[in-house]
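**Q** Quick one: sequence and predicted model below, then my questions.
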Amino acid sequence: MSQSPIPVISATGLYTPPESISNEELVASYNAYADQYNAAHPGEEPLIHSSVEFIEKASGIKSRHVISKAPILDPDIMGPRIAPRGNDEISVMAEMGVAACNAALAAAGRDAKDVDAVLCAASNMQRGYPAMAVEIQAALGMEHGFGFDMNVACSSATFGIQTAADYIRSGNAKSVLVVSPEITSGHLNWRDRDSHFIFGDVATALLIEAKDIAPAVHWEILGTRLKTQFSNNIRNNFGFLNRAHPGEDGVAIEQDSPASDKLFMQEGRKVFKEVVPMVAEMIIDHARALGLSGADLRRMWLHQANAGMNRLIAQRVLGHEASADESPTVLDTYGNTSSAGSIIAFHKHNEDMAGGDTGLICSFGAGYSAGTVFVRKVA
Ligand code: CO8
């Protein structure tokens, strides 16, 4: 009986927007807004200032990249402003995705014409249709195959990896791009003190291929596992039915209006408490099923939401406090980039590993959703 093809990660790609906002800049902007608001609303409960010290201590984030810096920092706007593009121009989200895909293709020495599928896996799509993935497929110059969008919030990329790996195993594709353009700045409420510091923009791409066509240096996918468990603790209520609600036009969303539930909102403390044990247990169970333990893991590329969550999860899995080498962070300069976070960590921190080293890519977030991808380097 012939064996099914083995899926591997052939290469990764990263697009980082050039502009970045430091905590100092972010807090100065929020505090100016709070002062303006308080002056305009005497007698109301005043808005309290945000603080650089709190942000760094609570999250580990020092700065974040964004695609439109000045309007985000303008207290009268506090959101990205992106010039509209015509239907014949590439969309912003596809453009970022294409940059990341091209970087992954170049790293693998693969021609886009030999790619069979594009999965655009991200927390927010710029539009409903045509699918972002199909636009990216065309912009890459692919001449065959298919693309579709998928959204599992912070776990979109790992869900994409398993989907791509299944296509490889079944013989439905030999070369698949999983691309995660995350424009989180568009859906973050920059006027919400509890969450205004969390997110950043970026795009990542993974090239998942059959081992027999992969470059000499690649990462064998030992196993993938996915989990979802419904929770309202991370949510936004933005959607195409908003305009069906009386009194709302579903388009303009003021960040301090009642419609701000159409932007990102969360019960951060509950998320922290519920997700840490869920993910640690999932990693340990999956490792055991693969005949692995924490001691076999050379490195964990964890979802980048919060440094404290990662510290606790890594400790439970490894049995000791993880070093920066065992569980690298990119939170300090990228913030939470949703599905892209663990992929940025993998992209930036894998070259020093040796053939035979084993690692774990792991995501967790809204849904709740979580994904584990165990990989072994072949070099
Ligand atoms: N500055 C100063 N003080 C502050 C600030 C601030 N900015 N914000 C809150 N505080 C104060 C609070 O008022 C509170 O004060 P008091 O004790 O007097 O009441 C105190 O600080 C503590 O507040 P919290 O309990 O909220 O603070 P925590 O220590 O819990 O830290 C975190 C907050 C960092 C949010 C933490 O709870 C956390 O990381 N939780 C998990 C978050 C997480 O991982 N979420 C995942 C969401 S991402 C995802 O799934 C993808 C969604 C799709 C992307 C959408 C794009 C927008």
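**A** Arrived safely.

**Q** Would you mind naming what in the stretch 51-200 of the chain lies close to the ligand?
**A** Neighbours of the ligand within the stretch 51-200 of the chain, by C-beta under 6 Å from any ligand atom: 51, 54-55, 58-59, 123, 153-154, 184, 187-188, 193-194, 197, 199. Yep, even glycine has a C-beta here, placed from its N, CA and C like the rest.

**Q** Kindly recompute the last result at 8 Å.
**A** 51, 53-55, 58-59, 123-124, 153-154, 182, 184-188, 193-199 (C-beta under 8 Å from any ligand atom).

**Q** Sketch out the helices for this structure, chain order is fine.
**A** All helices of the chain, identified by DSSP state H, fall at 23-40, 52-59, 69-73, 92-108, 132-140, 156-170, 268-289, 307-318, 331-334, 341-348.

**Q** Direction-wise, compare the last one with helix 307-318 and give the angle.
**A** Read it as helix 341-348. Per axes from the mean of the first three to the mean of the last three C-alpha atoms, to 10 degrees, the angle that helix 341-348 makes with helix 307-318 is 70 degrees.

**Q** Could you do the fourth one as well?
**A** Using the same axes, to 10 degrees, the direction of helix 92-108 lies 40 degrees away from that of helix 307-318.

**Q** helices and strands around helix 92-108, which ones?
**A** strand 7-15, helix 132-140, strand 175-182, strand 202-210 (3 or more C-beta pairs under 8 Å, 6 or more residues apart in numbering; DSSP states H and E).

**Q** Go through those and name the closest to Gly291.
**A** The closest of those to Gly291 is strand 7-15. By C-beta to C-beta, the value is 18.6 Å.

**Q** just checking, what packs against that closest one?
**A** Here strand 7-15 touches helix 92-108, helix 156-170, strand 202-210, strand 218-228, helix 341-348, going by 3+ C-beta pairs under 8 Å, 6+ apart.

**Q** repeat that with 6 Å
**A** Applying 3 or more C-beta pairs under 6 Å, 6 or more residues apart in numbering; DSSP states H and E, one finds that strand 7-15 contacts helix 92-108, strand 202-210, strand 218-228.

**Q** domain parsing for the protein?
**A** Under automatic domain parsing, the residue ranges defining each domain of the chain are 7-216, 220-378.
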